[in-house]
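Student: Mind folding the following:
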Amino acid sequence: MALAHPVVERLPMTPTIVYLLVGLALGPLWFGVMQINPIRDTKWLLHASEIAVVISLFTVGMKLRLPIRDPQLRPALFLASVSMVLTIGLVTGVGVWLLGLPLGVAVLLGGILAPTDPVLASDVQMRHPLDRDKLRLTLSAEAGLNDGTAFPFVILGLGLLGVGEANTFGLRWLLVDGLWAVSAGIAIGGLIGYGTGRLVLRLNTKREDPLAFGEYLVLGVIGVTYALAVLVHSYGFLAVFAAGVALRAAEQHASGHSKAVDDTVSAIAEGRMPKLAPKDSRAAPAYFAGALLATNEQLERILEVALVLIVGAMVATVPLSTEALWFAALLFLVIRPIAALPVRAIRKFTTFELGGIAWFGIRGIGSVYYLMYAVDAGLPPAVAERIASLVLSVIVLSILVHGISVTPLLNRYAKEPGKRGS
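Tutor: Alright, predicted model coming up:
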């Protein structure tokens with residue numbers, strides 16, 4: 001992959017497509033090296049996708065150097081709540097009336113496919129901490145938020161099928177799986193991220209090396225945050241995302257607001273020479289944040305390759321049907337645009353920006369995790385196979401159509417006049 005990267009970069013598509021094709025070749029269709037079945041290999045696929053998502057969510061959270069109340073984040077909050085519920089409702093309707101699915105299965109399908117993906121959406125995410133482009137910022141924040149907010153609907157679908165907790169649909173679902181799990185996850189992540197950031201930055205100021213505790217902190221914060229959130233029955237994905245945002249807020253509190261600090265964070269993250277000297281009082285927080293971002297992005301890229309290879313290898317083991325093709329087209333071309341359209345009432349977008357938000361609802365590793373979660377919870381085999389067929393088809397088609405379209409569309413977007421305005 002490393003040797004092919006310079007060649008792939010010149011092609012009008014994302015590297016993710018190459019990873020997918022290699023996975024297909026390594027699977028039963030050609031070499032037969034990777035024999036992976038989502039129904040048989042559920043447990044380790046569940047944990048592999050879980051790890052990839054939490055690393056990616058923490059990375060997105062670290063990139064958002066904005067308070068959650070910032071007006072620039074309102075479109076993403078809308079997309080991760082109202083638009084996501086609209087998506088689930090529309091997918092449920094299609095599932096019941098066009099696919100002939102029972103209500104519980106249709107709700108489950110909607111919950112699995114509702115979140116956009118923070119792993120595969122890296123090409124349309126914020127490119128660096130200074131990036132305030134409206135399209136990239138909105139898509140990045142949406143992907144970070146909706147991986148956690150989709151969880152209650154996956155639980156609801158399983159409850160309607162009689163899988164998992166009894167009486168899931170009702171007051172318990174609203175209070176425990178909804179309000180408590182969401183609010184507790186955000187609170188836990190915020191407290192751990194901000195508290196750890198302040199503590200480490202305080203310790204770092206007493207050392208000559210401003211990068212002390214930097215890279216090794218990533219897995220510790222992610223692991224403790226995620227484990228504690230799960231332990232109290234809240235949503236670990238939201239907690240990890242909140243920890244990334246809060247850790248970045250701690251750095252911002254220590255380093256202040258200045259272009260020199262922002263440039264230094266970006267330089268460290270990208271392996272360039274920073275502007276601030278190590279002895280500058282603002283250097284320790286900036287170096288610390290940059291080192292964390294660099295480590296996160298390296299882990300994210302490695303896990304992206306691994307998980308997309310696995311998805312490619314799985315395709316041949318799941319029977320795909322023609323219904324999956326028209327369903328995916330309906331999701332990309334009708335359901336996502338309808339659900340995203342109301343966001344224009346939240347913030348002013350150009351026609352091209354609004355079209356980009358409507359189109360780049362990329363589905364990927366987050367949906368793999370929710371699929372494996374549902375199968376592991378005890379879905380009947382026939383239901384599991386049909387859901388797996390639909391979900392994996394949507395993911396593969398999303399990788400292909402979004403991966404092919406992202407370069408020409410973003411090149412066209414770069415020529416838009418005034419596209420960085422607020």
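
Student: those helices in the stretch 51-200 of the chain, which residues are they?
Tutor: With DSSP state H, counting those that start in this stretch, the ranges of helices along the stretch 51-200 of the chain come out as 74-78, 84-97, 103-113, 134-149, 151-160, 171-172, 181-204.

Student: contacts for the second one?
Tutor: Applying C-beta atoms under 8 Å, 6 or more residues apart in numbering, the external contacts of helix 84-97 come out as 101-103, 105-107, 109-111, 113-115, 146, 149-150, 153, 327, 330-331, 335-336, 338-339, 342. To be clear about C-beta, it is placed using only N, CA and C from the backbone, and glycine gets the same treatment.

Student: Selecting buried members of these in PyMOL, what would you type?
Tutor: Selection of buried members from the contacts of helix 84-97 for PyMOL, criterion 16 or more other C-beta atoms under 10 Å:
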select buried, resi 101+105+106+107+109+110+111+113+114+115+146+149+150+153+327+331+335+336+339
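
Student: coming back round to it: now tell me which of the helices of the stretch 51-200 of the chain the model trusts least on average.
Tutor: If these are sorted by mean pLDDT, helix 171-172 sits at the bottom with a mean of 74.

Student: Give me the angle between the longest helix along the chain and helix 84-97.
Tutor: Determined from DSSP state H, the single longest helix within the chain is helix 381-414. Following axes from the mean of the first three to the mean of the last three C-alpha atoms, to 10 degrees, one obtains 130 degrees for the angle between helix 381-414 and helix 84-97.

Student: which helices and strands does helix 381-414 pack with?
Tutor: Applying 3 or more C-beta pairs under 8 Å, 6 or more residues apart in numbering; DSSP states H and E, one finds that helix 381-414 contacts helix 15-26, helix 103-113, helix 283-314, helix 322-330, helix 351-359, helix 365-377.

Student: one more time with 10 Å, if that's ok
Tutor: For helix 381-414, the packing partners by 3 or more C-beta pairs under 10 Å, 6 or more residues apart in numbering; DSSP states H and E come out as helix 15-26, helix 84-97, helix 103-113, helix 134-149, helix 283-314, helix 322-330, helix 351-359, helix 365-377.

Student: quick one: which of those is nearest Phe237?
Tutor: For these, the distance to Phe237 is smallest for helix 134-149, at 4.0 Å, taking C-beta to C-beta.

Student: Please state the offset of that closest one from the chain centre?
Tutor: Helix 134-149 sits 8 Å away from the centroid of its parent chain (C-alpha atoms, centre = their mean, to the nearest Å).

Student: How about that helix, which residues are buried there?
Tutor: For helix 134-149, a neighbour-count test (16+ other C-beta under 10 Å) marks 134-149 as buried.

Student: Which one of those is nearest to Ser49?
Tutor: Within these, proximity to Ser49 (C-beta to C-beta) peaks at Asp147, which comes in at 10.9 Å.

Student: follow-up on the earlier one: what's the closest of the helices and strands packed on helix 381-414 to Val200?
Tutor: helix 283-314 (6.9 Å).

Student: which residues of the stretch 251-400 of the chain score low on pLDDT?
Tutor: Where the stretch 251-400 of the chain drops to pLDDT under 70, the residues are 256-260, 262, 268, 270-271, 273-284.

Student: Tell me which residues touch the closest residue to Glu50 other than its chain neighbours, please.
Tutor: Closest residue to Glu50 apart from its sequence neighbours, by C-beta to C-beta, 6 or more residues apart in numbering: Tyr369 at 5.5 Å. Residues in contact with Tyr369 (C-beta atoms under 10 Å, 6 or more residues apart in numbering) are 45-54, 112, 115, 147, 154, 237, 307.

Student: Gly361 touches Leu79, doesn't it?
Tutor: Yes: the criterion here is C-beta atoms under 10 Å, and Gly361 meets it with Leu79 at 8.9 Å.

Student: so how far is Glu385 from Val54?
Tutor: 27 Å (C-beta to C-beta, to the nearest Å).

Student: More neighbours: those two, which one.
Tutor: The residue with more neighbours, out of Val54 and Glu385, is Val54; 25 against 16, by other C-beta atoms under 10 Å.

Student: residues contacting the more buried one?
Tutor: With C-beta under 10 Å, 6+ apart, Val54 has these contacts: 118, 147, 222-223, 225-226, 236-237, 239-241, 243-244, 303, 369.

Student: Need the nearest residue in space to it, chain neighbours excluded.
Tutor: Distances taken as C-beta to C-beta, 6+ apart put Val240 closest to Val54, at 4.8 Å, once the chain neighbours are dropped.

Student: Grab the CA positions of the helix or strand containing that neighbour and hand them over as CSV.
Tutor: Using DSSP states H and E, Val240 maps to helix 236-255. Extracted C-alpha coordinates of helix 236-255, given in CSV (Å, rounded to 0.1, in the frame of the first residue of the first chain):
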residue,chain,number,x,y,z
GLY,A,236,-18.8,4.8,24.5
PHE,A,237,-18.7,6.3,21.0
LEU,A,238,-20.1,9.6,22.1
ALA,A,239,-17.8,9.5,25.2
VAL,A,240,-14.7,9.1,23.1
PHE,A,241,-15.7,11.8,20.7
ALA,A,242,-16.4,14.1,23.7
ALA,A,243,-13.0,13.2,25.2
GLY,A,244,-11.3,14.3,22.0
VAL,A,245,-13.2,17.6,21.9
ALA,A,246,-12.6,18.2,25.7
LEU,A,247,-8.9,17.3,25.5
ARG,A,248,-8.5,19.9,22.7
ALA,A,249,-10.4,22.4,24.8
ALA,A,250,-7.9,21.9,27.6
GLU,A,251,-5.0,22.6,25.2
GLN,A,252,-6.8,25.7,23.9
HIS,A,253,-7.3,27.0,27.4
ALA,A,254,-3.6,26.6,28.1
SER,A,255,-2.2,27.9,24.9
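
Student: Let me see the contact set for Gly223.
Tutor: With C-beta under 10 Å, 6+ apart, Gly223 has these contacts: Val54, Val240.

Student: Now for Val63, how many residues are close by?
Tutor: Heads up, residue 63 is Lys, not Val. With other C-beta under 10 Å as criterion, Lys63 counts 27.

Student: Isn't it up against Leu247?
Tutor: No: if you go by C-beta under 10 Å, Lys63 and Leu247 don't touch, sitting 11.4 Å apart.

Student: Quickly list what's touching both of these two.
Tutor: With C-beta under 10 Å, 6+ apart, Lys63 and Leu247 have no common neighbours.
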